[in-house]
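In: Okay, predicted coordinates and the sequence, questions at the end:
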Amino acid sequence: MSIFNEDYIEDAAKACQYLSILRPELIVPPIMKKLFLSIDNITEPGRFTLIMKCLPGIICQIVRQTSNYSEGQTYVLTLMMSILPCIDSNDFEKIAVTLEVLDAILKLVPCIDCSSAIHTRNDLTEIEKRVCLSTTQFEDFITDFLNRIFQMISIRSAEMFDDAVANDVFNEDDKFIQIIHQKIIKFLTGSLFSSKVRKFVAGLVRVIIKVNPIEILKYLLPQTCEHIENIMNNSQTAILMDHKGDIELTWHLVLFSELVRARGDALLIYKQMIMSVFHQCIRIVHKDSYEAIAKAAKHLLKSLSDLYSIDDQLSLENMDESFVDCLPIRAWGQHVDFDQLQVQYHFPTVDEIDFACEFVNTFIYAELQLLNEKCLNLSKEERLRSLTLIHYIAVGCLRMVSRIESNQVIDLVPTVVPYGSKYRFRYSIYSKEPKFRDNLRMRLLIDIGNLLDILVENHCDDVASINTAINIYALLPIYYGISQYDINKLCQYIGLNEALFKTWGQHQISMSLMCLLLQKRVPIPLSCIRTLVDFIVHDNIELRKYAVIGMTALCRLQKPPRVYVEKSLDEILRHENQDPRRMHRLIDFLCSLIKNNQTIESASNERFRWRLVQELRNFQWRIPLVWCAINNFAKELLDHPFEIVRENIANILSMSLSFDIILPNGRSTRHPNIDQFINTICERLHQAIVAYEKTPFVPVNVSNQVVEIDFETRKALNLMETVIQLHTYLFDWCQQPVKIATIRIFPYVSL
């Protein structure tokens, strides 16, 4: 195994991480030396990328001071400055690994210039003095980093990097924060960005609006609203009904949606300005534009009405410019004492609640009225726009809506925790009761339910609108149950899917409905379970994925994972006729796959068979007889001719052995015994080694000829390779130490 072998880079990275924890002084220096040599290596540029993939796992050992090793800190600033030139739009993979490494460093290292500490403290070691002096480069790093990001955005950037930058929050002092704010504001002012880089820039705005919302809103929000108003007023065409959209308007709406993520109290002074933008742009039919305005509505309502943390950074106590009482470099990478975190929260005020209620009353009821009166006359685009806006507003405000108080919902089926449960109490987080025209939850249940009936009967080809309406409908019963009548109606739709639904997209909707009901722990009939099992072998991959999700949810429903009571397979299945959620048929189906002796046509079929059997892991240790059957059958396939099948066999064998544990009550489970299994494996390995030594494989370079390997030699090699892989998986799956078994098998796998 080598860090320069691309096939095993993940294993190499894990090995480097674990070894650096044990002996950082032996691992960190050679890796850093190889990295610096590879940066300017023109002949082998791939070496740099492979080494960088190993770095995130050892960053903590590089930046942390310990009693045995502190020299790693001297590499930090040198490393950060050295890899900055790798942020180059010509090599996306290099950019990704570079940002990942920088992200790992900046989460552990606060960007604070400590150079003055060498003049005020007399207890610094020579290494600490070098590190303190190197921190003067933080300002150069931040400036160069932002310049390169801006340059890359200006040229062209792929959306695949949005998340990496959006989550990068620097731990810095006020000086560096001001530098970042000024450069980003200057970059955004008067700029126009295409769809390729729009989300990337929005991620930058999201970071700075979280750190300093008051200053950022002061500079950007009035300017953005003014741009939007000018575009709407000066447009020579009917911009509201223009399906092609306006690039400049769309960008400013995206920027506007990010700016209203700011704290609710900071947004109040811009209330009139914000409402004006929504009034002007709420009916735009261009997809990107109305999605931006819908997201802005959701962000605004969440900012005003949600309880969330506004300051969760760990501040270093007693720190001043002299660094007499606290030296930041000694805190690099150290474990955090959570008792020192003084998290500040946003609690909605009366003015914020009134603003949110006014916003909801102004816009959502108008959209519901439009759909009720003109649903059949609207175009697909207009209908989808209206439903999208309702969906996002509902996501933002339903936390504020009280439960349904009506005799019409007596037949509600309780969900996970009913509202009136005597074991849980619900308290309002608001200083005053939010007031809407009526109970919005009930209104949406009625209006969206009627709309779904109309769409299915008259516009069953409008899959996007149906899907959005279902998403709205799914939000409503989270806390309060769902109507039994509606459950039966949806089950009828699913049962008649051949006649009612005509496309795979509509099949997907019905499957997602079943998964939703399972997640809410709503009892469903056996016909739906049979549908799930049938779709496991459907020729559409999306439907197979939904079927697997449904099976997983059904398996979870057998027993809460925190209840440690061992049951046999017969005990689990004996209530089949009493509770339709019991998975007799499904488990029988999976068990039949274990002992399937039919001829397998391809490696792909064999692989999918064992992938399905792996779903039994949701039962954990509760089905010992099944795991024993799996173990007995699968261990005979360790030398299977197909590599992809052997990989699945190694995974499921390690899974079956992981449940050989001691329960909290002291009893041992009746699962495959790992010691007995290792005895069998050692014997087979010995036989395989003997067979290999009789006819060893010696690679020979013969041009235009195929060198065949003896059948028994190939089986021996396959067995050795699979056992090594199984040995690796055991570390991931086993919940209790298997040290003795590991030591016994190691002499065989290390030959």
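Out: Alright, I've got the coordinates.

In: what about the helices in the stretch 351-500 of the chain?
Out: For the stretch 351-500 of the chain, helices defined by DSSP state H, counting those that start in this stretch occupy the ranges 380-397, 440-458, 463-475, 484-495, 497-500.

In: Redo the ones you listed as TSV? Include mean neighbour count and mean pLDDT.
Out: From N, CA and C alone the C-beta is placed, and that goes for glycine too. What follows is the helices of the stretch 351-500 of the chain, written out as TSV (neighbours: other CB atoms under 10 Å; pLDDT from 0 to 100):
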stretch	mean neighbour count	mean pLDDT
helix 380-397	22	91
helix 440-458	18	86
helix 463-475	20	85
helix 484-495	16	54
helix 497-500	11	43
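
In: Could you export these as a markdown table, including distance to residue 56?
Out: Converted to a markdown table, the helices of the stretch 351-500 of the chain look like this (distance: least, CB to CB, whole Å):
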| stretch | distance to residue 56 |
| --- | --- |
| helix 380-397 | 33 |
| helix 440-458 | 44 |
| helix 463-475 | 36 |
| helix 484-495 | 45 |
| helix 497-500 | 46 |
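
In: average pLDDT for stretch 714-728?
Out: Across stretch 714-728, pLDDT averages out at 78.

In: nope, stretch 358-375 is what I meant
Out: For stretch 358-375, the mean per-residue pLDDT is 91.

In: now swap in stretch 93-109 and tell me
Out: 86.

In: Mind listing what's buried along it?
Out: 94-109 (16 or more other CB atoms under 10 Å).

In: Among the residues you listed, name the ones in helices.
Out: 94-106 (DSSP state H).

In: Now tabulate those residues in JSON lines and tack on distance to residue 269.
Out: Putting these into JSON lines (distance: CB to CB, whole Å) gives the following:
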{"residue": "94", "distance to residue 269": "44"}
{"residue": "95", "distance to residue 269": "39"}
{"residue": "96", "distance to residue 269": "40"}
{"residue": "97", "distance to residue 269": "43"}
{"residue": "98", "distance to residue 269": "40"}
{"residue": "99", "distance to residue 269": "36"}
{"residue": "100", "distance to residue 269": "39"}
{"residue": "101", "distance to residue 269": "41"}
{"residue": "102", "distance to residue 269": "36"}
{"residue": "103", "distance to residue 269": "34"}
{"residue": "104", "distance to residue 269": "39"}
{"residue": "105", "distance to residue 269": "38"}
{"residue": "106", "distance to residue 269": "33"}
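
In: Closest one of those to residue 690?
Out: residue 97 (44.4 Å; CB to CB).

In: mind checking the SS state of the nearest residue to that closest one once chain neighbours are set aside?
Out: Take residue 97 and drop its neighbours on the chain: the residue closest to it by CB to CB, 6 or more residues apart in numbering is residue 52, 4.1 Å away. The three-state assignment at residue 52 reads helix, by DSSP: H, G, I helix; E, B strand; the rest coil.

In: ok, residue 52 - contacts?
Out: 35, 83, 94, 97, 98, 100, 101 (CB atoms under 8 Å, 6 or more residues apart in numbering).

In: give me that answer again for 10 Å
Out: 35, 38, 39, 83, 86, 93, 94, 96, 97, 98, 100, 101 (CB atoms under 10 Å, 6 or more residues apart in numbering).

In: thought the fourth one was touching residue 104?
Out: No: Residue 83 is not in contact with residue 104 according to CB atoms under 10 Å; the separation is 11.7 Å.

In: what's the overlap in contacts for those two?
Out: residue 55.

In: So for stretch 125-144, what gets flagged as buried?
Out: Residues 128, 131, 132, 134, 135, 137, 138, 141, 142, 144 are the ones in stretch 125-144 that count as buried (16+ other CB under 10 Å).

In: and if you look at stretch 145-158?
Out: 145, 146, 148, 149, 150, 152, 153, 157.

In: What is the nearest of the residues you listed to residue 467?
Out: If you rank those by distance to residue 467 using CB to CB, residue 157 comes first, at 30.1 Å.

In: lowest-confidence helix or strand of this protein?
Out: Lowest mean confidence among the helices and strands of the chain (mean pLDDT, DSSP states H and E): helix 162-166, at a mean of 39.

In: for the helix or strand hosting residue 682, which positions count as buried?
Out: Assigned by DSSP states H and E, residue 682 belongs to helix 674-694. By neighbour count on 16+ other CB under 10 Å, the buried set for helix 674-694 is 674, 677, 678, 681, 682, 684, 685, 688, 691, 692.

In: swap in stretch 65-75?
Out: Using 16+ other CB under 10 Å as the test for burial, stretch 65-75 gives 65, 69, 70, 72, 73, 74, 75.

In: Ends of that stretch, what's the gap?
Out: Stretch 65-75 has an end-to-end distance of 13 Å (criterion: CA to CA, to the nearest Å).

In: Need the contact partners of that stretch.
Out: 20, 23-29, 31-33, 35-36, 58-64, 79, 82, 109, 125, 127-128, 130-132, 134, 329-334.

In: how about a cut-off of 8 Å?
Out: So stretch 65-75 is contacted by 24-25, 28-29, 32, 61-64, 125, 127-128, 130-131, 134, 329-330, 332-334 (CB under 8 Å, 6+ apart).

In: For PyMOL, what selects the buried ones among those?
Out: Only the buried entries of these go into this PyMOL selection, using 16+ other CB under 10 Å:
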select buried, resi 24+28+32+61+62+63+64+128+131+134+329+330+332+333
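
In: Mind checking which of the contacts of stretch 65-75 are in strands?
Out: Secondary structure from DSSP state E places none of the contacts of stretch 65-75 in strands.

In: Tell me which residues touch the nearest residue to residue 145 once chain neighbours are set aside, please.
Out: Counting by CB to CB, 6+ apart, residue 145 lies nearest to residue 84, which is 6.2 Å off, once chain neighbours are set aside. By CB under 8 Å, 6+ apart, the contact set of residue 84 is 98, 141, 144, 145, 148.

In: Same check on residue 433?
Out: residue 402.

In: That one and residue 440, how far apart?
Out: 13 Å (CB to CB, to the nearest Å).

In: before we move on, which element is residue 280 in?
Out: Going by DSSP H and E, residue 280 is in helix 271-281.

In: mind listing what's buried in stretch 207-225?
Out: In stretch 207-225, counting by 16+ other CB under 10 Å, buried: 207-209, 211-213, 215-217, 219-221, 224-225.

In: Export it to CSV, keeping only CA atoms.
Out: Extracted C-alpha coordinates of stretch 207-225, given in CSV (Å, rounded to 0.1, in the frame of the first residue of the first chain):
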residue,chain,number,x,y,z
VAL,A,207,-20.6,33.3,5.5
ILE,A,208,-20.1,37.0,6.0
ILE,A,209,-23.8,37.7,6.7
LYS,A,210,-23.6,35.2,9.6
VAL,A,211,-20.5,36.8,11.1
ASN,A,212,-21.5,40.5,10.9
PRO,A,213,-25.1,41.0,9.7
ILE,A,214,-25.6,44.6,10.6
GLU,A,215,-22.6,46.0,8.6
ILE,A,216,-23.2,43.7,5.6
LEU,A,217,-26.9,44.6,5.4
LYS,A,218,-26.0,48.3,5.7
TYR,A,219,-23.7,48.1,2.6
LEU,A,220,-25.5,45.5,0.4
LEU,A,221,-29.2,45.3,1.1
PRO,A,222,-30.3,48.9,0.1
GLN,A,223,-28.1,48.7,-3.0
THR,A,224,-29.5,45.3,-4.0
CYS,A,225,-33.1,46.4,-3.5
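
In: hang on, residue 359 packs against residue 299?
Out: No: Residue 359 lies out of contact with residue 299 (CB atoms under 8 Å); the separation is 11.7 Å.

In: what's the neighbour count on residue 308?
Out: 12 (other CB atoms under 10 Å).

In: contacting residues around it?
Out: With CB under 8 Å, 6+ apart, residue 308 has these contacts: 302, 345, 346.

In: any idea what sits nearest the last one, other than its immediate chain neighbours?
Out: What it means is residue 346. residue 310 (5.0 Å).

In: which residue ranges form the strands in this structure?
Out: Using DSSP E, the strands of the chain run over 308-311, 344-346, 412-413, 482-483.

In: Buried residues of the second one, list them for me.
Out: It stands for strand 344-346. Applying 16+ other CB under 10 Å to strand 344-346 flags residue 346 as buried.
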